[in-house]
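J.: What would the 3D arrangement of this be:
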Amino acid sequence: MPDLLALIPDLGAGAWLLVAIGALIVGFSKTALPGAGTLAVGFFALAMPAKESTAALLLLLIVGDMTALWLYRREPDWRTLVRLLPSAMIGVVLGAFYFAAVDGRAVRITIGVILLVLVAVTLWRRHAAQRAEAARAADGTALPPTRAAAQGSRPGAAATAQGVGYGLLGGFTTMVANAAGPVMSLYFLAMRLPVLTFLGTSAWYFAIVNLFKVPFSAGLGLITRDTLVMDAMLVPVVLLGAFIGAKVARRIPQKVFDRLILVLTVAAALSLLLL
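T.: Residues are numbered from 1 along each chain as shown. Reported below is the predicted structural model:
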């Protein structure tokens with residue numbers, strides 16, 4: 001028993017509480033509100049050195065990914081994933097170089113600024129779209145809902161370019177700070193995906209990208225024995241959060257879901273900037 005106790009990382013009671021809350025949020029975010037995951041980044045960064053915290057959180061995120069994938073494996077929008085994944089992997093590689101070159105504070109500021117800019121762009125685009133729809137309705141030229149939805153879902157050049165851009169940002173932010181949840185949530189929100197399709201697409205995206213990140217984190221020397229032991233102890237907490245999230249997700253109205261994503265993205269950005 002003493003030998004087993006010696007393996008437990010000596011974080012202190014306050015730090016253990018922070019990482020436990022973070023692990024609960026990881027599970028909940030994976031099955032209910034993907035944008036909430038960056039809040040866990042803040043809790044882990046408060047409990048541990050910033051760079052080491054990213055590797056500790058990554059392994060728990062993969063546990064959450066596998067849970068979400070099991071729950072929502074039949075729900076993804078495959079065309080959206082095809083647009084995102086190649087550029088996301090390039091973003092991971094760029095993020096690995098950036099991560100090795102700067103300190104933790106610079107990483108957090110970078111991600112926080114990116115998130116706030118994306119929220120502003122998302123709100124502006126929604127406002128512009130609403131004004132355009134109102135103008136068409138006033139002129140009697142509004143498209144029927146079925147035709148508008150069909151046109152909005154076509155993977156044209158603009159949608160492809162947007163997917164590449166968000167994919168790069170998602171890969172970059174997930175590598176340097178495990179903070180791609182809000183970035184990709186804003187993209188899926190812009191695509192107007194229904195709640196379960198949103199969660200299924202997110203589950204597949206992060207399951208693939210987070211596994212792709214593991215060799216880079218290991219190569220940077222961030223995955224240690226202490227990291228593995230701590231994460232093994234926190235896996236049940238992640239699963240509990242995922243169970244709670246799965247119960248909540250199917251009861252969230254679409255409008256409430258969309259608003260929560262935006263609010264949580266802003267909260268995550270501010271937490272990264274103010275830590």
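J.: if I look at the closest residue to Ile25 other than its chain neighbours, how far off is Asn178?
T.: When the adjacent residues along the chain are set aside, Ile25 lies closest to Ala40, with 4.3 Å between them (C-beta to C-beta, 6 or more residues apart in numbering). C-beta here means a position set from N, CA and C on the backbone, and glycine is covered the same way. For Ala40, the distance to Asn178 equals 8 Å [C-beta to C-beta, to the nearest Å].
J.: Just the C-alphas of the helix or strand where Thr160 lies, formatted as CSV.
T.: Secondary structure here is read from DSSP states H and E; on that basis Thr160 sits in helix 157-177. Once side chains and other backbone atoms are set aside, the C-alpha atoms of helix 157-177 remain, and they are given as CSV (Å, rounded to 0.1, in the frame of the first residue of the first chain):
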residue,chain,number,x,y,z
ALA,A,157,-16.4,26.9,-52.5
ALA,A,158,-17.3,29.3,-49.7
ALA,A,159,-18.2,26.4,-47.3
THR,A,160,-15.1,24.5,-48.2
ALA,A,161,-12.9,27.6,-47.6
GLN,A,162,-14.6,28.2,-44.3
GLY,A,163,-14.1,24.6,-43.3
VAL,A,164,-10.4,24.7,-44.1
GLY,A,165,-10.0,27.9,-42.1
TYR,A,166,-11.8,26.5,-39.1
GLY,A,167,-10.0,23.2,-39.4
LEU,A,168,-6.6,25.0,-39.3
LEU,A,169,-7.7,27.0,-36.2
GLY,A,170,-9.2,24.0,-34.6
GLY,A,171,-6.1,21.9,-35.0
PHE,A,172,-3.8,24.7,-33.9
THR,A,173,-5.9,25.6,-30.8
THR,A,174,-6.4,22.0,-29.7
MET,A,175,-2.6,21.3,-29.9
VAL,A,176,-1.5,24.4,-28.0
ALA,A,177,-4.2,24.5,-25.3
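J.: residues touching the residue nearest to Ile25, list them.
T.: In this structure, Ala40 makes contact with Gly22, Ala23, Ile25, Val26, Ser29, Leu57, Asn178, judged by C-beta atoms under 8 Å, 6 or more residues apart in numbering.
J.: Restricted to helices, list the residues you listed.
T.: Secondary structure from DSSP state H places Gly22, Ala23, Ile25, Val26, Ser29, Leu57 of the contacts of Ala40 in helices.
J.: Hmm, which of these is lowest in pLDDT?
T.: Looking at pLDDT alone, the ones in helices among the contacts of Ala40 dip lowest at Ser29, where the score is 87.
J.: my read: it touches Ala36, true?
T.: Yes - counting by C-beta atoms under 8 Å, Ala36 is a contact partner of Ser29 at 4.1 Å.
J.: Which neighbours do these two have in common?
T.: Shared contacts of Ser29 and Ala36 (C-beta under 8 Å, 6+ apart): Gly181.
J.: one step back: now do the residue nearest to Ile25 against Gln130, distance only.
T.: With the distance defined as C-beta to C-beta, Ala40 ends up 33 Å from Gln130.
J.: re the thing from before, in the helix holding Thr160, which residues are buried?
T.: Within helix 157-177, the residues that qualify as buried by neighbour count (16 or more other C-beta atoms under 10 Å) are 159, 162-164, 166-177.
J.: tell me what it is packed against?
T.: Judged by 3 or more C-beta pairs under 8 Å, 6 or more residues apart in numbering; DSSP states H and E, helix 157-177 is in contact with helix 78-101, helix 104-139, helix 180-190, helix 195-219.
J.: quick one: low-confidence ranges for the stretch 1-150 of the chain?
T.: For the stretch 1-150 of the chain, residues meeting the criterion pLDDT under 70 lie at 1-7, 35, 125-126, 140-150.
J.: and Arg251, how far is that from Gly245?
T.: Applying C-beta to C-beta, one obtains 11 Å for the distance of Arg251 from Gly245.
J.: neighbour-wise, which of those two wins?
T.: Remark: of Arg251 and Gly245, Gly245 carries more neighbours, 26 against 9, as counted by other C-beta atoms under 10 Å.
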